[in-house]
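Asker: would you be able to build a 3D model of this:
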Amino acid sequence: MSLFKARDWWSTVLGEKEEFDQGCLCVADVDNSGSGQGKFRIACYMGYLRIFNPRPVKPGDGIQPEDLLLEVQLREPILQVEVGKFVSGTEGLHLAVLHCRKLCVYAVSGTLGNVEHGNQYQIKLMYEHNLQRTACNMTYGPFGGVKGRDLICIQSMDGMLMLFEQESYAFGRFLPGFLLPGPLTYSSRTDSFITVSSCRQVESYKYQVLAFATDADEREETEQQKLSSGKRVAVDWVLNIGEQALDIRVVSFNQAVSSVFVLGERNFFCLKDNGQIRFMKKLDYNPSCFIPYCSVKEGTINTLVGNHSKMLNVYQDITLKWATQLPHIPVSVKVANLQDLKGVIVTLSDDGHLQCSYLGTDPSLFQAPRVDSREINYEEFEAEMKELQKIIKEATKTQDILPKSEKHRDLIVTAEVLPDLDAESQAIDSEVKAEAVPSVTVKITIQSRVTAQKPNLAVCVQAPLAVTCDQFVFDDLEPDLSETVVLSVFLKGNCSPSELEGNCVVSYNIPTELNPEGIPKVAQCDFRLPLRLVCSPAQPSKAANHKITIDTNKPPVSFLTIFPDFVDPSEDDQANVLGFQFLTGSKTTLLASKTSQRYRIQSDQLEDLWLITKELMLRLEEHFKKQNCKDFACTFSGSIPLQEYFELIDRHFELRLNAEKFQELLSERAVQFRAIERRLLTRFKDKTPAPLQHLDTLLEGTFREVIALADAAEENQANVFQAFTKLKSTTHLMIMLISLWQKLSTDQVAILEATFLPLAEDTPELGWEETVDAAISYLLRTCLSKSSKEQALTLNSQLCMPKDTSRLKKNITLFCDRLAKGGRLSLSTDSATQQAAVIPGGCTTIPESDLEERTVIPGSTATFPSHGQIAKQKSKP
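Answerer: Below you'll find the predicted structure:
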């Protein structure tokens, strides 16, 4: 933004690791030399007090030994320094130093030496005041219109104004409605104190009002001032500025009217004496400090505003006149006259950078050297370019930045699940109501080929499963070394999990020559938990509410072969029928047909079919893979259980609605509880006791309602989690049945999983219903669209909780109908066009003559033909 930098006239760095703030810089002729030149008083929180009188030989010179007049370390941290007529009997200037619990006034004097650097300066304590309250800041001035002397007002951290008439303490007053201290200043024109309260409003208090108000030596008395006989502290005027103030200044020049300047966090304001706004300026940066000073134009005031971008802006009223770059962020800025140089800008940073600068117009611009006008040899440049490209290519290969192939991984993590359950269960705080909750041991090994810095291992399993320890931190691994950890997995929640997979992730750093701290990398592996972890063998059940049949192209395999961990070899009747008892209480039965190539899975709970069905298919695939049978395949030709699926969706959605209702009721009861509390506190604080009018009984009843609602909301949240876990299990089952029914490819199954299982967990802000509805709607308008009109429809980009599930259930039914009529899943942008070319008219209606061979979905209006009917329709003219 700035064309020129601030011209350095004199600068230095104060101390080491010292902290400075707004009140630590003061410019005045503190030693009363009469030369009219300002001298700096620099204080810090470490207790150091320094006085400078810079006299550089030429602009830009550093500090000389004679520039530092005095340096002394006081015993306490220094909050603020000011110079004024603080000693009675003399009109000389003295130095006031504010500590946390003390106010000290010093006289600064100098003794001339025989040589230039022989001048000696010293400070003498004139008097001090021990403060009863912790101080925040102070201001001074001729309070009450006194002549020839300055009085001091200190604001404490708890809102008390303590006024001192030089060597004696005058009085103290608490500000009404005080919460946090703000900047404080004094206006001699109106004889009032101006501050900014925690309510973000500028407040003015007359000195006379403070002087004649009731004394407030104790904070508790302010609560009773309304009932006391004395006068209360009343505010003169108030202006709401809507932001916290950083500083306040009162200026009064001959050619300008008296004004109050307030620097806010985003604006600075100029106010009249009565609190009316003269003007305000909105700032597009974060200011850090400011100082108003006299302008050469009559009726205007110049203001220097520093910000956190190391910029110093010069404003004439609200007009930006100049902007200059500083080498540091200023926390305090002053304008001083030094060595007949008027208008020197003095800035101080929070880490002690003190600089005297001026706004010069001699910028240090870089002048490019003159270019030789010689002919360009393109062949030479091309050869040089090829050589540089070769060097870059070689460097890229050796700097270990690009990821290596899987064959040469730097770190390998493996997980081994022990085949047997733990002899002694390691389950901790399990909510399962079974007699014994089993656990299984997982052994994880990390082997490094190179030096791996700060390896961290995280083990993840899906709830309601849990691990005994999920985070491990190791020391740096040297090459060809390994680390092994052992943990146990068990069922913690009182519901069956939707998946039996786990994941291990190791994050580590690999150091390189260019980056010694290391390049972050990640290695991971998956592991599968045994089915025995969540269920045990049981007697088969003949009757069941839910049944599905899986067809295969191979003869049925005996359960003694594929389920050896669940059957007893001595019992031959378990070769074709097997029972599974889940830890949560439900039972599932698996049957193999003796005459056909089918397997039936049945259970009273639809969600319990998923784990058994998946385990059956995995074990069948492993069995035929061992026999080198590559053409094994499974199909499903039954009806899709959409109606039962919709019941689980409605149950989950109902619990989500209950959660919202509990949240609203809790908010209402909490508001009621706070209102009753406020009324009770008002009654208890009242000086004259008044009857409670059963407010205590109402408070106790409301409290019990809040506790009961909180318990009900917590129980409902647990029910929502269980319902969502059951919904995920059933959704997995639906995806498998649809993929077997329509013989979907791996990519299409991945799209199906991303559509119906977009969330790992349910949250109040984003639920399963609205997310799945948006995903299905997108597919229905793209790859499964019937016409160009559907493709032109726009989807709502904002997800919110629906009023009911009717739209979602309708879209799921329509989704299955489109798949049954030949639609195929694809994320390609032109998939709908390609599909329309394959199937004329999109997903057309099937003639009534083919209805006898359709598969009907129970509880829904969709009818799905088989692949044979679709092929027949395409071949018809």
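Asker: where does pLDDT dip in the stretch 151-300 of the chain?
Answerer: Along the stretch 151-300 of the chain, the parts satisfying pLDDT under 70 run over 215-230, 254-256.
Asker: spatially central, which residue of this protein would that be?
Answerer: Centroid-nearest residue in the chain, with Cα atoms, centre = their mean: residue 765, separated by 16.2 Å.
Asker: can you tell me how far it sits from residue 758?
Answerer: According to Cβ to Cβ, to the nearest Å, residue 765 and residue 758 sit 14 Å apart. Where C-beta positions appear, they are placed from N, C-alpha and C, glycine not excepted.
Asker: now swap in residue 314 and tell me
Answerer: Separation of residue 314 from residue 758 (Cβ to Cβ): 56 Å.
Asker: more neighbours: those two, which one.
Answerer: Using other Cβ atoms under 10 Å as the criterion, residue 314 and residue 758 rank with residue 314 on top: 17 against 13.
Asker: for stretch 342-357, C-alpha coordinates in CSV please.
Answerer: The C-alpha trace of stretch 342-357 is given here as CSV (Å, rounded to 0.1, in the frame of the first residue of the first chain):
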residue,chain,number,x,y,z
LYS,A,342,9.8,18.9,14.7
GLY,A,343,7.3,16.1,14.2
VAL,A,344,9.5,13.1,14.8
ILE,A,345,7.4,9.9,14.9
VAL,A,346,8.4,7.7,17.9
THR,A,347,7.1,4.1,17.8
LEU,A,348,7.6,1.3,20.2
SER,A,349,6.9,-2.4,19.6
ASP,A,350,5.8,-5.1,22.1
ASP,A,351,9.3,-6.7,22.0
GLY,A,352,11.3,-3.5,22.6
HIS,A,353,12.0,-2.0,19.1
LEU,A,354,12.2,1.8,19.6
GLN,A,355,12.4,3.9,16.5
CYS,A,356,12.4,7.6,15.7
SER,A,357,11.4,8.2,12.1
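Asker: buried ones in it, by neighbour count?
Answerer: Under the neighbour-count criterion of 16 or more other Cβ atoms under 10 Å, stretch 342-357 has 344-357 buried.
Asker: pLDDT weak spots in the stretch 1-150 of the chain?
Answerer: In the stretch 1-150 of the chain, residues with pLDDT under 70: 1-4, 34-38, 40-41, 60-62, 113-118.
Asker: what about the strands in it?
Answerer: 4-5, 7-13, 25-28, 39-43, 48-52, 68-73, 78-84, 94-99, 102-111, 120-130, 135-141 (DSSP state E, counting those that start in this stretch).
Asker: quick one: closest of these to residue 605.
Answerer: Smallest distance to residue 605 across the strands of the stretch 1-150 of the chain (Cβ to Cβ): 67.1 Å, for strand 135-141.
Asker: contact partners of that closest one?
Answerer: Identification of contacts with strand 135-141 by Cβ atoms under 8 Å, 6 or more residues apart in numbering yields 23, 79-80, 82, 84, 86, 96, 98-101, 103, 150-157, 181, 183-186, 188, 193.
Asker: angle of it against strand 94-99?
Answerer: 160 degrees (axes from the mean of the first three to the mean of the last three Cα atoms, to 10 degrees).
Asker: what strands line up against strand 135-141, and which way round?
Answerer: Next to strand 135-141 in the sheet, as set by DSSP bridges, lie strand 151-156 (antiparallel).
Asker: where's the partner strand relative to the chain centroid, distance-wise?
Answerer: Relative to its parent chain, strand 151-156 has a centroid offset of 41 Å by Cα atoms, centre = their mean, to the nearest Å.
Asker: the following helix or strand past it - contacts with which helices or strands?
Answerer: Next helix or strand after strand 151-156 toward the C-terminus (DSSP states H and E): strand 160-165. When contacts are defined as 3 or more Cβ pairs under 8 Å, 6 or more residues apart in numbering; DSSP states H and E, strand 160-165 packs onto strand 151-156, strand 168-174.
Asker: and these, which is most packed in?
Answerer: Of all these, strand 151-156 has the most neighbours on average by mean count of other Cβ atoms under 10 Å, namely a mean of 23.
Asker: of the buried residues of stretch 342-357, which is the nearest to residue 514?
Answerer: residue 351 (31.1 Å).
Asker: now do the contacts for the closest one.
Answerer: For residue 351, the contacting residues are 18-20, 328, by Cβ under 8 Å, 6+ apart.
Asker: which residue ranges of the stretch 551-700 of the chain form helices?
Answerer: In the stretch 551-700 of the chain, the helices defined using DSSP state H, counting those that start in this stretch lie at 559-562, 609-626, 642-685, 695-742.
Asker: go ahead and confirm residue 123 touches residue 72.
Answerer: Yes: taking Cβ atoms under 8 Å as the definition, residue 123 is a contact partner of residue 72 at 6.5 Å.
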